[in-house]
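Engineer: Sequence and predicted structure, then a few things I'm wondering about:
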Amino acid sequence: MSQLEIKNLHVSVEGKPILKGVNLTVRQGEIHAIMGPNGTGKSTLAYTLMGHPAYEVTEGEALFKGQNILELSPDERSRLGLFLAFQYPVAIPGVTLANFLRTALNARRKALNPDDKGISIPEFRRLLKEKMDLLQMPHDFAGRYLNDGFSGGEKKRAEVLQLATLQPEIAILDETDSGLDIDALRIVSEGVNALAGPDLGVIVITHYQRILNYIKPDYVHVMLDGRIVESGGADLAQRLEAHGYDWLREKYAEPAASR
Ligand code: ADP
Ligand code: MG
């Protein structure tokens, strides 16, 4: 059973402290939602966990499989079994989604077993077909160039297909609901639900409560000003939908002098 244990994480961007002591443990099999108003550091947490160079860790650690992943390169983190769905995925014209997925899968297999010779093409085709069926995707989707001319919804589907194929142990999905129409949101959520299970831990980062109508989190956390200030069950998301974030801001407001 793998778990990601974030301990007292402090992160600065361009010298400005953004995360100010984040503590969070996510185990395989659990779905956690991190919510909070814009600008509170949710994406900073996601980017830091995947090793974006602009985010400087000034204190704390993130332990996964006995290693502090903050000391590893992004591809080492990925090969270890972490997955991050980016808020703004990049296009790679000339590389099909299928080729991209097979290359990424082989890198992950080789990390698990250095003698691995890579998945055979027929075996990979079978795997891809199985996952596309699970996610109700047309099979020709995998032949398209990665994110090239993809609609917002298609980019999200491509990410969910990556998630399905790479089978990470912990996945971090940032604002997966932004820019999605309600049907695409439903498809992505159903995909995550189809993949959720004892082997997958998920952190869903969102500004909106509405994705949580489709993905049922076991735990909900609220981030305010670089810290997780409140944690609870799915009912906490309902309370936020009804009452907004102001009651939490009042409860956790820092005295002006200490800023
Ligand atoms: P959220 O995802 O909760 O909306 P972010 O983590 O994106 O919040 O941003 C938190 C704060 O960090 C904001 O004040 C934002 O301007 C700042 N920030 C985040 N990333 C960068 C960056 N790459 N360069 C400069 N400032 C950044
Ligand atoms: Mg964000």
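Structural biologist: Structure's in. What do you need? Everything numeric in this text was worked out from a predicted model, so none of it was measured. Residues are numbered from 1 along each chain as shown. Ligands and ions are numbered 1, 2, ... in the order given.

Engineer: Can you show me the helices along the stretch 151-259 of the chain?
Structural biologist: 152-166, 182-195, 234-243, 246-252 (DSSP state H, counting those that start in this stretch).

Engineer: which one of these is the most hemmed in?
Structural biologist: Across the helices of the stretch 151-259 of the chain, the average number of neighbours (mean count of other CB atoms under 10 Å) peaks for helix 152-166, which reaches a mean of 21. Placement of C-beta: from N, CA and C, glycine included.

Engineer: What separation do you get for the nearest residue in space to Ala164 that is not next to it in sequence and Trp247?
Structural biologist: Leaving aside its sequence neighbours, Ala164 sits nearest to Lys131 (CB to CB, 6 or more residues apart in numbering; 4.0 Å). Per CB to CB, to the nearest Å, Lys131 is found 42 Å from Trp247.

Engineer: do Asp199 as well
Structural biologist: According to CB to CB, Asp199 stands 37 Å off from Trp247.

Engineer: Would you mind measuring from the residue nearest to Ala164 to Tyr145?
Structural biologist: Going from Lys131 to Tyr145 by CB to CB gives 19 Å.

Engineer: Name the residue in those two with the higher neighbour count.
Structural biologist: More crowded of Lys131 and Tyr145, by other CB atoms under 10 Å: Lys131, with 22 against 16.

Engineer: how far away is that one from Leu161?
Structural biologist: 6 Å.

Engineer: contacts for stretch 22-29?
Structural biologist: 1-9, 32, 34, 41, 45, 60, 169-170, 197-203, 221, 223, 226-228 (CB atoms under 8 Å, 6 or more residues apart in numbering).

Engineer: ok, and the closest non-adjacent residue to Ile170?
Structural biologist: Nearest non-adjacent residue to Ile170 (CB to CB, 6+ apart): Gly201, at 4.4 Å.

Engineer: Can you name the residues bridging to the residue nearest the centre of the chain?
Structural biologist: What sits nearest the mean C-alpha location of the chain, by CA atoms, centre = their mean, is Ile172, with 1.5 Å. For Ile172, the beta-bridge partners are Leu84, Ile203 (DSSP bridges).

Engineer: Identify the residue spatially nearest to Tyr214, adjacent ones excluded.
Structural biologist: Ser189 (3.2 Å).

Engineer: isn't that neighbour right next to Pro217, touching?
Structural biologist: No: judged on CB atoms under 8 Å, Ser189 makes no contact with Pro217 at a distance of 11.5 Å.

Engineer: how many other residues sit next to the closest residue to ligand 2 within the chain?
Structural biologist: Closest to ligand 2 within the chain is Ser43: 3.1 Å, counting by CB to the ion. Residues contacting Ser43 under the criterion other CB under 10 Å number 19.

Engineer: Am I right that it sits in a strand?
Structural biologist: No: read with DSSP: H, G, I helix; E, B strand; the rest coil, Ser43 is helix and lies in no strand.

Engineer: pLDDT wise, what is it at?
Structural biologist: pLDDT for Ser43: 91.

Engineer: any idea how far it lies from ligand 1?
Structural biologist: Distance from Ser43 to ligand 1, counting by CB to the nearest ligand atom, to the nearest Å: 3 Å.
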